[in-house]
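**Q** take this sequence and fold it.
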Amino acid sequence: MYSKHFVLLLFFFCIWLFSAAQPKFNDGYIVTNDHKKTVCLIRNSGNTESLLKYEYRLKSDDKIENIELSKIEEFGVANEFTCVRALIKIDVSPERITHLKDTVNSPEWEEGHAYIKVLVQGKLASLYSYSGEGKNLFFFSVGKSSIEPLFYKEYRLEITPGIVERKLVNNAYRDQLKQYLACEKTEEVRKVSYTKKDLMKYFISFQSCNDSACIIPENTKSGRNSLRFKIGTSLNNIKMESEDFAVASKITFSPEKSVGYTAEIEYLFSFNTYKWSFFAESNYYTYNTDYSENGLNSSNDGYRVDYKTLELPLGINYYMHIGPNHRLFLRGAYVPHYILSSSNITYNSPVSNEFTTSSRMMIGAGYNYRRLSAEIRFYSGLNLTQNLYRRGSDLSQLSFRLTYTVFKTGK
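**A** Presented below is the predicted three-dimensional model:
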């Protein structure tokens with residue numbers, strides 16, 4: 001069927017897809033140890049939270065340099081983010097403890113230089129973040145004071161090795177906020193969770209409470225999830241094989257092209273720069289064909305398929321940004337479907353047989369420009385006659401799909 005050729009095609013297409021989606025250079029700057037600021041191009045070569053994975057090159061030179069902690073004290077991309085080198089303290093005390101008294105020895109500070117990201121920058125106070133070993137840590141400074149950690153710690157108390165009795169939390173950062181960044185409503189501190197969203201909101205509120213302005217880099221602002229509704233059409237290339245025990249042979253029905261109609265709801269998550277989304281679809285199409293042998297129509301043999309379906313894929317999207325309005329995407333879905341009435345298959349007999357409702361999987365790849373999307377997708381095989389004795393079948397499908405976003409919220 002289509003499987004072998006499509007897998008090979010998809011392999012080369014994915015290579016092109018990922019190469020085209022490599023991180024791009026953006027207009028930015030670096031500040032070296034001698035406090036000299038240089039305008040340049042910057043990109044994240046690792047596509048991770050690590051601030052040591054950035055590279056830069058001068059606009060007049062193609063040579064790519066790494067952002068090195070020992071040479072560069074600050075770098076950033078205009079209106080997006082700013083990273084500064086700072087001497088910070090990180091708690092390295094164990095999270096798993098065997099006695100309550102073990103919390104007394106915490107924190108155990110380890111000091112060193114690192115790049116930290118500026119979340120809120122103000123004359124009165126600033127907020128920073130650092131990502132390492134899968135954790136997001138937050139730091140602050142008041143006025144021109146040194147940068148200090150906002151301390152938060154989760155402990156897991158073990159009654160026996162490997163068995164956790166309960167979780168303990170040290171919310172010392174709230175006391176720090178109350179002591180150094182108190183405003184009129186100090187009771188609001190109890191509601192501040194140790195998250196970027198809540199801490200940024202509190203620091204911004206503190207500046208406003210004291211009539212002081214602050215700077216918030218664009219990509220640190222808490223984004224809104226986006227809901228989108230799409231409509232579209234698809235061109236489906238469908239092919240089916242089935243066994244007929246009466247003649248002990250495999251029947252290959254002629255492949256047909258069928259136009260389908262689709263509606264889709266997509267929920268785009270704001271985290272990780274809107275790269276992930278969940279979607280649900282409703283797709284309608286038909287497949288009507290006769291038995292053919294060696295490419296010749298043999299409809300007089302009495303083999304015929306009349307297939308009408310409404311499929312309801314549920315899956316996830318992964319987007320790769322290649323420009324402000326251009327994105328590539330990969331998607332996968334679980335595809336249940338409903339066979340509509342009057343659908344049947346006939347085996348050289350006046351008696352028609354009903355199909356069996358089942359489900360399958362789908363993978364796809366495509367390109368998105370503003371509200372328009374084009375996609376090619378491949379479906380796993382489908383046995384529509386598993387309810388018939390010794391008459392199994394295999395329906396394969398390759399689809400090209402166009403959609404238009406008629407409504408969206410957020411980004």
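**Q** buried set for the longest strand along the chain?
**A** What stands out as the longest strand in the chain, according to DSSP state E, is strand 226-244. Buried residues in strand 226-244, counted by 16 or more other Cβ atoms under 10 Å: Ser226, Arg228, Lys230, Gly232, Ser234, Asn236, Ile238, Lys239, Met240, Ser242, Glu243, Asp244. Yep, even glycine has a C-beta here, placed from its N, CA and C like the rest.
**Q** state the pLDDT value of the fourth one.
**A** It stands for Gly232. We note a pLDDT of 96 for Gly232 in this prediction.
**Q** could you do the last one as well?
**A** If you check Asp244, the pLDDT there is 77.
**Q** re earlier: parallel or antiparallel, which strands does the longest strand of the chain pair with?
**A** strand 249-252 (antiparallel), strand 256-268 (antiparallel), strand 393-408 (antiparallel) (DSSP bridges).
**Q** show the average pLDDT along the first one.
**A** With pLDDT averaged residue by residue, strand 249-252 scores 81.
**Q** what comes up buried for that strand?
**A** By 16+ other Cβ under 10 Å, the buried positions in strand 249-252 come out as Ile251, Thr252.
**Q** so how far is that strand off the chain centroid?
**A** Relative to its chain's centre, strand 249-252 lies at 43 Å (Cα atoms, centre = their mean, to the nearest Å).
**Q** extract the C-alpha trace of that strand and format it as PDB.
**A** What follows is strand 249-252, C-alpha atoms only, in PDB (Å, rounded to 0.1, in the frame of the first residue of the first chain):
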ATOM      1  CA  SER A 249      -7.800 -14.400  -3.200                       C
ATOM      2  CA  LYS A 250      -7.100 -10.800  -2.300                       C
ATOM      3  CA  ILE A 251      -9.300  -8.200  -3.900                       C
ATOM      4  CA  THR A 252      -7.600  -4.900  -4.600                       C
END
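**Q** which residues are contacting it?
**A** Met240, Glu241, Ser242, Glu243, Asp244, Tyr291, Ser292, Glu293, Tyr303, Tyr347 (Cβ atoms under 8 Å, 6 or more residues apart in numbering).
**Q** out of the buried residues of strand 226-244, which comes closest to Lys257?
**A** Nearest to Lys257 among those, counting by Cβ to Cβ, is Asn236 at 6.9 Å.
**Q** list the contacts of the closest one.
**A** When contacts are counted by Cβ under 8 Å, 6+ apart, Asn236 touches Lys257, Ser258, Val259, Gly260, Tyr285, Tyr287, Gln397, Leu398, Ser399.
**Q** so the third one versus Leu235, what's the distance?
**A** By that I understand Val259. Between Val259 and Leu235 the distance is 6 Å, computed by Cβ to Cβ, to the nearest Å.
**Q** low-confidence ranges, the stretch 1-150 of the chain, go.
**A** Flagging of the stretch 1-150 of the chain using pLDDT under 70 yields the residue ranges 1-23, 46-50, 104-105, 133.
**Q** same question for the stretch 301-411 of the chain.
**A** By pLDDT under 70, the low-scoring segments of the stretch 301-411 of the chain are 301, 411.
**Q** in the helix or strand harbouring Tyr29, what's buried?
**A** For Tyr29, the enclosing helix or strand under DSSP states H and E is strand 26-32. For strand 26-32, the neighbour count (16+ other Cβ under 10 Å) marks Gly28, Tyr29, Ile30, Val31 as buried.
**Q** hmm, who's touching stretch 401-411?
**A** With contacts defined as Cβ under 8 Å, 6+ apart, stretch 401-411 is touched by 223-235, 262, 264, 268, 270, 274, 364, 366, 371-377.
**Q** and if we set it to 7 Å?
**A** 223-234, 262, 264, 274, 371-375, 377 (Cβ atoms under 7 Å, 6 or more residues apart in numbering).
**Q** export that stretch to PDB, keeping only CA atoms.
**A** Once non-C-alpha atoms are left out, stretch 401-411 reads as follows in PDB (Å, rounded to 0.1, in the frame of the first residue of the first chain):
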ATOM      1  CA  ARG A 401      -5.200  19.300   3.800                       C
ATOM      2  CA  LEU A 402      -5.800  23.000   3.600                       C
ATOM      3  CA  THR A 403      -7.300  25.000   6.500                       C
ATOM      4  CA  TYR A 404      -8.200  28.600   7.400                       C
ATOM      5  CA  THR A 405      -8.500  30.000  10.900                       C
ATOM      6  CA  VAL A 406     -11.700  31.900  11.000                       C
ATOM      7  CA  PHE A 407     -11.600  32.800  14.700                       C
ATOM      8  CA  LYS A 408      -8.900  33.000  17.400                       C
ATOM      9  CA  THR A 409      -8.300  34.400  20.800                       C
ATOM     10  CA  GLY A 410      -5.000  35.500  22.300                       C
ATOM     11  CA  LYS A 411      -1.800  35.300  20.300                       C
END
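**Q** ok, of the buried residues of strand 26-32, which one's closest to Val77?
**A** Closest to Val77, out of all of the buried residues of strand 26-32 and judged by Cβ to Cβ, is Gly28, at 4.1 Å.
**Q** ok, what's across the strand from the closest residue to the closest one other than its chain neighbours?
**A** Once flanking residues are discounted, Gly28 sits nearest to Ile42: 3.6 Å by Cβ to Cβ, 6 or more residues apart in numbering. Here Ile42 sits in beta bridges with Asn26, Tyr56, going by DSSP bridges.
**Q** number of nearby residues for Lys201?
**A** 15 (other Cβ atoms under 10 Å).
**Q** so it is in which element?
**A** Per DSSP H and E: helix 196-209 holds Lys201.
**Q** mind giving me the packing neighbours of that helix?
**A** Applying 3 or more Cβ pairs under 7 Å, 6 or more residues apart in numbering; DSSP states H and E, we find helix 196-209 packed against strand 109-122, strand 125-132.
**Q** among those strands, which is nearest Arg57?
**A** In terms of Cβ to Cβ, the element of these nearest to Arg57 is strand 109-122, at 18.6 Å.
**Q** ok, and what's touching that closest one?
**A** Strand 109-122 is contacted by residues 51-52, 69, 81-92, 126-130, 139, 196, 200, 203-204, 207, 212-217, 220 when judged by Cβ under 7 Å, 6+ apart.
**Q** apply 8 Å and report the result again.
**A** 51-52, 67, 69, 81-92, 126-130, 132, 138-139, 147, 196, 199-200, 203-204, 207, 212-217, 220.
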